[in-house]
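Undergrad: show me the folded form of this:
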Amino acid sequence: MANTTNTAVTTANDLAGLLVAARQDAIFAGYESSLYLPGVIMNMHNVPAGSVTAQIPKFSAVATTEVSTETYNDSAPIEELEVTNVASAAVPVTAKSYAARALLKDLGGLNAGNVGTVLGRAVSEKFDDDVAALFIDASISEAGATTTGLTIDKLATAAQTVRGQRFSGQLNCVLHPAQIEDILQDLTTSSFAGSDALNEALRQGMVGSLFGMNIWQSASVGKDNSNADYAGCVWAENAFGIAMFKGLDVSSQANITGLGTDIVASLHATPALVDATRACRIISAV
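TA: Just a heads-up that it's a prediction; the model follows:
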């Protein structure tokens with residue numbers, strides 16, 4: 001959790017001071033607590049100011065139709081590669097707003113940074129919930145078994161399902177903490193005795209990386225199959241995208257009726273499934 005800064009407001013009704021403290025701590029806490037808003041494991045597409053819709057590009061896999069061979073003066077052949085179907089499309093996205101509000105009654109000496117931290121986390125955690133909700137899209141392929149614990153071999157299946165679609169490189173995987181617990185328990189069996197994966201799990205309580213996947217855990221991962229299973233996901237680059245209309249920010253104004261100050265943290269962004277073939281859902285029992 002983010003540490004608040006030393007920006008205590010000491011003057012009653014100091015709106016400017018309230019906003020400085022709340023804004024910087026809301027932004028810091030919000031981005032720190034979110035897996036996706038920093039744009040590290042999911043691509044961020046910044047949208048021009050004033051826009052309310054966006055187009056996230058979708059690129060299909062390259063397909064070749066033929067290779068023809070020609071000669072020049074009966075010398076060494078010249079090979080010509082004909083490439084077709086380098087298709088691209090666009091996924092339309094509409095701006096979505098997230099907001100959290102607090103009413104402060106300031107009699108002086110109030111540290112609004114603490115309030116900003118709470119508001120920032122509230123906004124980013126709701127955003128992460130919406131990202132994870134994309135994992136249960138019916139068009140995404142699936143690995144694992146319903147009402148059954150998650151095992152390491154299912155992670156291998158999920159990773160290779162994505163790579164089987166001709167998408168290589170680094171994969172990212174997000175699982176629910178209960179799914180991570182299944183994997184940690186699987187690592188403690190005799191099959192993994194003395195392994196680097198087991199040693200890392202015992203030291204850090206984390207899985208880290210398996211089968212070329214960076215594995216993260218998030219309580220925002222939701223449920224599927226009538227709430228019988230958690231639904232994590234592994235994906236290659238550009239499977240998902242985030243249209244960023246305006247980053248996390250804070251505003252405030254006097255609330256005469258409430259005899260205090262309204263502080264609102266807001267975020268204008270929309271997560272989207274761009275290419276389902278680049279992802280694989282991982283299910284396991286709740």
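
Undergrad: the strand ranked longest in the chain pairs with which strands, parallel or anti?
TA: With secondary structure taken from DSSP state E, the chain has its longest strand at strand 240-255. Using DSSP bridges, strand 240-255 pairs in its sheet with strand 43-46 (parallel), strand 260-273 (antiparallel).

Undergrad: now distance to Gln24, mean neighbour count and mean pLDDT too, for these, in CSV please.
TA: In short, each C-beta sits where N, CA and C put it, glycine included. Shown next, in CSV, are those (distance: least, Cβ to Cβ, whole Å; neighbours: other Cβ atoms under 10 Å; pLDDT from 0 to 100):
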stretch, distance to Gln24, mean neighbour count, mean pLDDT
strand 43-46, 21, 16, 88
strand 260-273, 12, 21, 87
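
Undergrad: circling back: which of the residues in the longest strand of the chain are buried?
TA: Residues Phe240, Gly241, Ile242, Ala243, Met244, Phe245, Lys246, Leu248, Asp249, Val250, Ser252 are the ones in strand 240-255 that count as buried (16 or more other Cβ atoms under 10 Å).

Undergrad: also stretch 51-58?
TA: Quick answer for stretch 51-58 (16+ other Cβ under 10 Å): Ala54, Ile56, Lys58.

Undergrad: ok, now stretch 118-127?
TA: Neighbour-count burial for stretch 118-127 flags Val118, Leu119, Gly120, Arg121, Ala122, Val123, Ser124, Glu125, Phe127 (criterion: 16+ other Cβ under 10 Å).

Undergrad: list the ones among the residues you listed that fall in helices.
TA: Val118, Leu119, Gly120, Arg121, Ala122, Val123, Ser124, Glu125, Phe127 (DSSP state H).

Undergrad: thinking again about what came up before, now, which of the buried residues of strand 240-255 sits nearest Val274?
TA: Gly241 (4.8 Å; Cβ to Cβ).
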